[in-house]
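Asker: got a predicted structure plus its sequence, pasted below:
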Amino acid sequence: MTTFNMLELICLLLPIAALSGWYLGKRSQGNTHQPKNSTLSSDYYVGLNFLLNEQPDKAVDAFIRMLEVSPDSVETTLALGNFFRRRGEVDRAIRVHQGLIIKPHLTPKQRSQSLLELARDYMRAGVYDRAEDLLLEITNSVGHHLDVSLRHLNDIYEREKDWKKAIDVAVHLQSITEQSRAREIAHYYCELAENAWSQGKIKLTFKYLKQGLHYDQNCARISLMEGNFEKKLGKYSQALLAYKRIEFQDVAFLPEALMMIIECYAHLPEKEELHDYLDHLIQKSPSISIVLAKAEKMKEREGQQSAAHMLTHFMHKHPSIRGIKHLIEFHLARVVGEVRNELLMLKSHIEQLLEKKPVYRCSCCGFACKLLHWQCPSCRQWSAVKPIQGIEGE
């Protein structure tokens, strides 16, 4: 045990010394023969001595024994267990908190807190089934630590991918805290929809998506999934309507649907409407992905020079590394010799640069990645990971 941790623990246990003095003084009034008093003092100093000699297991036993004669030391014992958990010594934390919950003198609030801390120990150890049982005991009782217990249960069900239970807990939590959990609930329904689709349950898939949209009208993931499923079923008109909703839900995710939107238009009689739609998007939400899609269509209709001119004009206002790469590609067909070789070298360097750069970043914790995660792997927030904006991104 490091010097810093030892000092921290000793400071943590100092209140016991003061409590012991008060307790001894009170018990000694009118009676000079109190055998339990010496037990209290002995257990405290024996436990402290074990800690100083780096024998924490024996120290734990001594402090648990002290609870039998000093009910008022419950809070300090809880803190002792939490100290072990913070240091990663989960087994010792579990021993402390298990020793606490079996004591008959605990008040309902103290027992609830003890169960909660023991559940946190099990969660830290990855033993989620035991943690769940303890948390359910708290939530089924009346009163204390209900909201905290529900949050931990929600965390467990997320980790175990038990989305139906996660929905029930999130709805309950929303009702008692008056804090919206709509975003999380919508994503839980998305997870259920993906599972249903993989099992060939088409009607159930769309039912889950509809339920998710009921909770969060701005969930772009639902529209993206609905569009993908409709497109796979060959329903391109319905797919296009779903994809186009993303513009009004969260325009940052629109580039994720762009290639699918172009594919849908290719299968519909209204092919020419794509150009007007891309122009509309460029005006409303300039994005290099949208501009590159427009440039490709201009290249087909008006030639490379017009496409390059449009791209150059856009990048005067919105510089983009991806835009430079495509601009080089447009000009490669027009040059030969040494100039072409130099452009090819420049294109190669830009491709290597882009290959090393992340594409998405979490707005909450800054986690960066190449693939889109609907739940951030780092801070575990939903819908926080989005395409990076600026010269290196969209």
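Answerer: Right, received. Where do you want to start? Please read these numbers as outputs of a predicted model, since none were measured by experiment. Residues are numbered from 1 along each chain as shown.
Asker: quickly note the distance from R334 to Q304.
Answerer: The gap separating R334 from Q304 is 7 Å, by CB to CB, to the nearest Å. Quick note: C-beta positions are derived from backbone N, CA and C, even for glycine.
Asker: and what of H172?
Answerer: The gap separating H172 from Q304 is 59 Å, by CB to CB.
Asker: which of the residues in stretch 279-287 are buried?
Answerer: Buried positions in stretch 279-287, judged by neighbour count with 16 or more other CB atoms under 10 Å: 281-282, 287.
Asker: for G88, grab the count of nearby residues.
Answerer: A count of nearby residues for G88, using other CB atoms under 10 Å, gives 10.
Asker: picking up where we left off before, which of R334 and Q304 has more neighbours?
Answerer: It is Q304, of R334 and Q304, that has more neighbours when counted by other CB under 10 Å, with 16 against 12.
Asker: so who does that one touch?
Answerer: 330, 333-334 (CB atoms under 8 Å, 6 or more residues apart in numbering).
Asker: now the residues you listed in TSV, with secondary structure and distance to Y360?
Answerer: Shown next, in TSV, are these (DSSP: H, G, I helix; E, B strand; the rest coil; distance: CB to CB, whole Å):
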residue	secondary structure	distance to Y360
F330	helix	27
A333	coil	32
R334	coil	35
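Asker: Throw these into JSON lines and include pLDDT and distance to Q110, thanks.
Answerer: Shown next, in JSON lines, are these (pLDDT from 0 to 100; distance: CB to CB, whole Å):
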{"residue": "F330", "pLDDT": "79", "distance to Q110": "72"}
{"residue": "A333", "pLDDT": "74", "distance to Q110": "78"}
{"residue": "R334", "pLDDT": "75", "distance to Q110": "80"}
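Asker: closest to H318 out of the residues you listed?
Answerer: F330 (17.0 Å; CB to CB).
Asker: any weak-confidence spans in the chain?
Answerer: The chain contains residues with pLDDT under 70 at 1-72, 142-143, 393.
Asker: got the domain ranges for it?
Answerer: 3-177, 182-285, 301-356, 358-394 (automatic domain parsing).
Asker: of all those, which one is nearest K294?
Answerer: Nearest to K294 among these is domain 182-285 (4.4 Å), distances taken as CB to CB.
Asker: distance between the ends of that closest one?
Answerer: 26 Å (CA to CA, to the nearest Å).
Asker: start the count at 4, not 1, going forward
Answerer: With the count now opening at 4, the last piece we talked about shows up as domain 185-288.
Asker: can you give me the helices for the stretch 254-397 of the chain?
Answerer: With helices called from DSSP state H, counting those that start in this stretch, the stretch 254-397 of the chain shows them at 257-269, 276-287, 291-305, 307-320, 324-335, 340-359.
Asker: any chance of those in JSON lines with distance to I188 as columns?
Answerer: Converted to JSON lines, the helices of the stretch 254-397 of the chain look like this (distance: least, CB to CB, whole Å):
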{"stretch": "helix 257-269", "distance to I188": "22"}
{"stretch": "helix 276-287", "distance to I188": "29"}
{"stretch": "helix 291-305", "distance to I188": "30"}
{"stretch": "helix 307-320", "distance to I188": "39"}
{"stretch": "helix 324-335", "distance to I188": "35"}
{"stretch": "helix 340-359", "distance to I188": "36"}
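Asker: of all the ones you listed, which one is nearest A196?
Answerer: helix 257-269 (16.7 Å).
Asker: buried sites along the closest one?
Answerer: 257-261, 263-265, 267-268.
Asker: tell me the one of the buried residues of stretch 282-290 nearest C379?
Answerer: S290 (22.0 Å).
Asker: now that closest one, nearest residue through space, not along the chain?
Answerer: E397 (4.7 Å; CB to CB, 6 or more residues apart in numbering).
Asker: run a quick neighbour tally on that neighbour.
Answerer: E397 has 21 neighbours, counted by other CB under 10 Å.
Asker: same deal with H312?
Answerer: 14.
Asker: contacts for the helix or strand hosting E135, please.
Answerer: E135 belongs to helix 131-143 when assigned by DSSP states H and E. Outside helix 131-143, the residues within contact range by CB under 8 Å, 6+ apart are 115, 118-119, 121-123, 125-126, 147-149, 152-153, 155-156, 159, 162-163.
Asker: likewise stretch 223-239?
Answerer: The contact list for stretch 223-239, computed with CB under 8 Å, 6+ apart, reads 189-190, 192-193, 196-197, 200, 205, 208-209, 212, 215-216, 219, 241-243, 245-246, 248-249, 252-253, 256, 259-260, 263, 266-267, 270-271, 377, 386.
Asker: any idea how far that stretch is from the chain center?
Answerer: Stretch 223-239 sits 25 Å away from the centroid of its parent chain (CA atoms, centre = their mean, to the nearest Å).
Asker: also stretch 85-101?
Answerer: 25 Å.
Asker: which parts of it are buried?
Answerer: Neighbour counts over stretch 85-101 (16+ other CB under 10 Å) mark 85-88, 90, 92-93, 95-100 as buried.
Asker: make TSV out of those and add secondary structure and distance to H319.
Answerer: Shown next, in TSV, are the buried residues of stretch 85-101 (three-state DSSP; distance: CB to CB, whole Å):
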residue	secondary structure	distance to H319
N85	helix	58
F86	helix	60
F87	helix	61
R88	helix	57
R90	coil	57
E92	coil	60
V93	helix	58
R95	helix	64
A96	helix	60
I97	helix	63
R98	helix	67
V99	helix	66
H100	helix	64
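Asker: hmm, Y125 is touching A96, no?
Answerer: No - counting by CB atoms under 8 Å, Y125 stays clear of A96, with 9.7 Å between them.
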